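Visitor: Fold the stuff below for me.
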Amino acid sequence: MRRFPLVVVAGCLLALTACSTPPAPEPTVTTLPGPTITPTLTSTPTPTPTVNAALAPFMSQKLKWKKCEGDLECTTLLVPLDYAAPQYSKLKIAVIRRTATNTKKHKNAIVVNPGGPGGSGLDYVANSSTIVGSSVSKTFDVVGFDPRGVGRSSPIKCLTAAQSDRFYASDGSPDSDAEATAVFLIGKEFAKICEYSDPTILGFLGTRESAQDMDILRAALGQKQLNYVGKSYGTSLGTQYAKQFPTKVGRFVLDGAIDPSLDADAFAAGQATGFERALQAFLKDCVQRSSCALGRSVTKAQDRLNVFFRQLDATPEQVGNRKLTEALGTLGVAASLYSTDSWGTLRKALAQGLRGDGRGLLALADYYSSRNDDGTYADNSLDAFYAITCI
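Guide: Predicted structure coming up:
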């Protein structure tokens, strides 16, 4: 019997024919427990690289903050496109901060990253006041930024809205050589489009460059050391920063750390295990509720879900002028497994889907992919994810 999480992982890794070992994108989190800020890095650091004199203007820049998003403040940080030749082209990095609530005891700032790659630090800070605990937010500013190529920081743009629709809807669990070839060609097309979309910036969107941007941000914030909270891919970014700037590491929290030693297969297997556990937890809860349309036992619920996705694979459900494919249905379910807060919505969407009404699952997939009702996409997270991880 085909296990559902393998379908999830196949869908998440659809275009990796041109990539190496990227982590899966994370949804925007709006409510998080407040972590305690404690040092976590104990590995032997590498020497701090020699500072290029041409970086001096970047390291000494003064940020000009303006009110934004209600009571928050925004600014723009200038960084070099190419750190090997910083005197030439520049990029603009969008930055936001939620200032400490107790200005009399203000201590410093904490830079945060929600993951991805492709996650917006601006949206992360704007949408949540609980990224850190209240005792921390009283005395520390919480600072977010869109990494280069993401959101409002010189965003990379690869696919049109129609091409993004096709990508998300494509078969993520090929059952034949022909379907496998189609998946490969879609990934190849994505890579080619991205390669030619903006060749000037494309080669400078790596984690290493974003870590260097963070050090310029640290200096612009007036910090001798960087305090940092990174989640999922944000842990890779934090690890890269610590590797490049070991003497600048302040208090670091790496939540959901990614093991940099894993290859693509091992990483995918780990994700499959994670989705399997999350799905089983959801099913166990679902079957105890009268609103669960999957049955009254976990085994029956799993079987019913597998049948449902096989049916979508054979005959997608029509939703207006769109179709709920197996891949989109899978994405809708997977997007709801990150938090128990989404389980009620998922139960309702699955009940609708089992009746032939795919609107609920399609809405969950659209929410995850930031697709607007008019067919446009609210951000470039899909493009940024593959541009950053595949180059």
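Visitor: ok, now which ones touch the residue nearest the centre of the chain?
Guide: With distances taken as Cα atoms, centre = their mean, the chain has residue 116 as the residue nearest its mean C-alpha position (2.3 Å). Taking Cβ atoms under 8 Å, 6 or more residues apart in numbering, we find residue 116 in contact with 25-26, 147, 150, 232-234, 381, 384-385, 388. Where you see a C-beta, it was placed from the backbone N, CA and C, and this is true even at glycine.
Visitor: now, which of those sits nearest residue 284?
Guide: Residue 284 lies nearest to residue 26 out of the contacts of residue 116, by Cβ to Cβ, at 23.7 Å.
Visitor: Helix or strand next in line after the top helix by length along the chain, which one?
Guide: In the chain, taking DSSP state H as the definition, the longest helix is helix 264-286. As assigned by DSSP states H and E, the chain's next helix or strand after helix 264-286 is helix 298-314.
Visitor: relative to helix 264-286, how tilted is that next one?
Guide: Helix 298-314 and helix 264-286 are oriented at 120 degrees to each other (axes from the mean of the first three to the mean of the last three Cα atoms, to 10 degrees).
Visitor: about what we covered before: run through the neighbouring helices and strands of the longest helix of the chain.
Guide: helix 4-12, helix 298-314, helix 343-354 (3 or more Cβ pairs under 8 Å, 6 or more residues apart in numbering; DSSP states H and E).
Visitor: Okay, buried residues for the last one please.
Guide: Which is helix 343-354. 343, 346-347, 349-350, 352-353 (16 or more other Cβ atoms under 10 Å).
Visitor: repeat for the second one
Guide: Buried positions in helix 298-314, judged by neighbour count with 16+ other Cβ under 10 Å: 298, 301-302, 304-305, 308-309, 311-313.
Visitor: how far does it sit from the chain's center?
Guide: 28 Å (Cα atoms, centre = their mean, to the nearest Å).
Visitor: Which residues does whatever helix or strand comes next after it contact?
Guide: Scanning forward in sequence from helix 298-314 by DSSP H and E, the next helix or strand is strand 317-319. Applying Cβ under 8 Å, 6+ apart, the contact partners of strand 317-319 are 323-324, 353, 356-359, 362.
Visitor: show me what contacts residue 212?
Guide: Counting by Cβ under 8 Å, 6+ apart, residue 212 touches 79, 83, 244.
Visitor: Just the closest of the residues you listed to residue 106, please.
Guide: For the contacts of residue 212, the nearest to residue 106 is residue 79 (25.8 Å; Cβ to Cβ).
Visitor: and that closest one, how many residues sit next to it?
Guide: Residue 79 is flanked by 26 other residues according to other Cβ atoms under 10 Å.
Visitor: For it, name its beta-bridge partners.
Guide: Beta-bridge pairing of residue 79 under DSSP bridges involves residue 91.
Visitor: Assess the claim that it and residue 148 are in contact.
Guide: Yes. In this structure residue 79 lies within contact range of residue 148 using Cβ atoms under 8 Å: 7.1 Å.
Visitor: Mind listing the shared neighbours of these two?
Guide: Each of 91, 93, 213 lies in contact with both residue 79 and residue 148 under the rule Cβ under 8 Å, 6+ apart.
Visitor: Flag the shaky bits of the stretch 1-150 of the chain, pLDDT-wise.
Guide: Across the stretch 1-150 of the chain, the ranges flagged by pLDDT under 70 are 1-51.
Visitor: Would you mind measuring from the most far-flung residue of the chain relative to its centre to residue 161?
Guide: Ranking residues of the chain by C-alpha distance from their mean position (Cα atoms, centre = their mean) puts residue 104 at the top, at 35.1 Å. Residue 104 sits at a distance of 49 Å from residue 161 (criterion: Cβ to Cβ, to the nearest Å).
Visitor: what's the answer for residue 331, then?
Guide: 16 Å.
Visitor: Next, format the buried residues of helix 343-354 as CSV and append distance to residue 250 and pLDDT.
Guide: Supplementary listing: these in CSV, determined by distance: Cβ to Cβ, whole Å; pLDDT from 0 to 100:
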residue, distance to residue 250, pLDDT
343, 37, 98
346, 39, 98
347, 43, 98
349, 43, 98
350, 45, 98
352, 48, 98
353, 48, 98
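Visitor: Let's have those residues in TSV, adding distance to residue 157.
Guide: TSV is the format used below for the buried residues of helix 343-354 (distance: Cβ to Cβ, whole Å):
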residue	distance to residue 157
343	34
346	31
347	36
349	30
350	34
352	34
353	32
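Visitor: Between these, which sits nearest residue 175?
Guide: Minimum distance to residue 175 across those is 20.4 Å, recorded for residue 353 (Cβ to Cβ).
Visitor: so what's the nearest residue to the closest one once chain neighbours are set aside up against?
Guide: Leaving aside its sequence neighbours, residue 353 sits nearest to residue 361 (Cβ to Cβ, 6 or more residues apart in numbering; 5.1 Å). Contacts for residue 361 (Cβ under 8 Å, 6+ apart) come out as 324, 328-329, 332-333, 349-350, 352-353.
Visitor: Please repeat the previous calculation with a cut-off of 7 Å.
Guide: 324, 329, 332, 349, 353 (Cβ atoms under 7 Å, 6 or more residues apart in numbering).
Visitor: closest to residue 59 among the residues you listed?
Guide: residue 332 (45.2 Å).
Visitor: Hmm, residue 367 and the closest one touching each other?
Guide: No. If you go by Cβ atoms under 7 Å, residue 332 and residue 367 don't touch, sitting 8.4 Å apart.
Visitor: the more surrounded of those two?
Guide: Using other Cβ under 10 Å as the criterion, residue 332 and residue 367 rank with residue 332 on top: 26 against 17.
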